[in-house]
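Q: generate a structure from the sequence data that follows.
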Amino acid sequence: MSNPFENRALSLDGPAKDIQPVTPSDSVDLNSVATALYVETGGDLSIVTVDGQSRNVAVADFSFLPVGVRRVNATGTTAIGIHALVIT
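A: The predicted structure is shown next:
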């Protein structure tokens, strides 16, 4: 099978390399910084951005949140089915 990503330089402009399920935690960062989050069931998200800022955002069902995220906090997060889009 050919791999169209094989010789492609990783870029924030291109598609994510992987999508990983997120388990919200008040103390543990994501394995890789997410370039965006995808949420299956809407609600509130309590996140820590790549710059270390705490933010609370309400999102709808099947939403993409295109912001660099290092952590999704358990406290304050009611959205479920959260996935991190990563390029590493």
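Q: now stretch 69-85: buried residues?
A: Residues 69-73, 77, 79, 82-85 are the ones in stretch 69-85 that count as buried (16 or more other Cβ atoms under 10 Å). Bear in mind the C-beta positions are built from the backbone N, C-alpha and C, glycine included.
Q: nearest to V22, of these?
A: I82 (4.1 Å; Cβ to Cβ).
Q: so who does G81 touch?
A: By Cβ atoms under 8 Å, 6 or more residues apart in numbering, the residues touching G81 are 39-41.
Q: wait, V39 touches V59, no?
A: Yes. V39 lies in contact with V59 (Cβ atoms under 8 Å); the separation is 5.0 Å.
Q: more neighbours, these two?
A: When neighbours are counted by other Cβ atoms under 10 Å, V39 and V59 differ, and V39 comes out ahead with 23 against 19.
Q: any regions of this protein where pLDDT drops low?
A: 1-14 (pLDDT under 70).
Q: how about the helices in it?
A: Applying DSSP state H to the chain gives no helices.
Q: what pairs with N56 across the strands?
A: S46 (DSSP bridges).
Q: which ones are touching it?
A: 44-47, 76.
Q: out of the residues you listed, the closest to A34 would be?
A: Of the contacts of N56, the one sitting nearest to A34 (Cβ to Cβ) turns out to be I47, at 9.1 Å.
Q: that closest one contacts T75, doesn't it?
A: No. Contact criterion Cβ under 8 Å: I47 and T75 do not qualify, at 11.6 Å.
Q: make sure Q20 is actually in contact with N31.
A: Yes. In this structure Q20 lies within contact range of N31 using Cβ under 8 Å: 6.8 Å.
Q: give me the common contacts of these two.
A: V86.
Q: which one's more surrounded, these two?
A: Q20 (15 against 11).
Q: so what's the closest residue to the more buried one other than its chain neighbours up against?
A: Distances taken as Cβ to Cβ, 6 or more residues apart in numbering put A84 closest to Q20, at 4.9 Å, once the chain neighbours are dropped. Contact analysis of A84 by Cβ under 8 Å, 6+ apart lists 19-22, 30, 32, 34, 36-37, 69.
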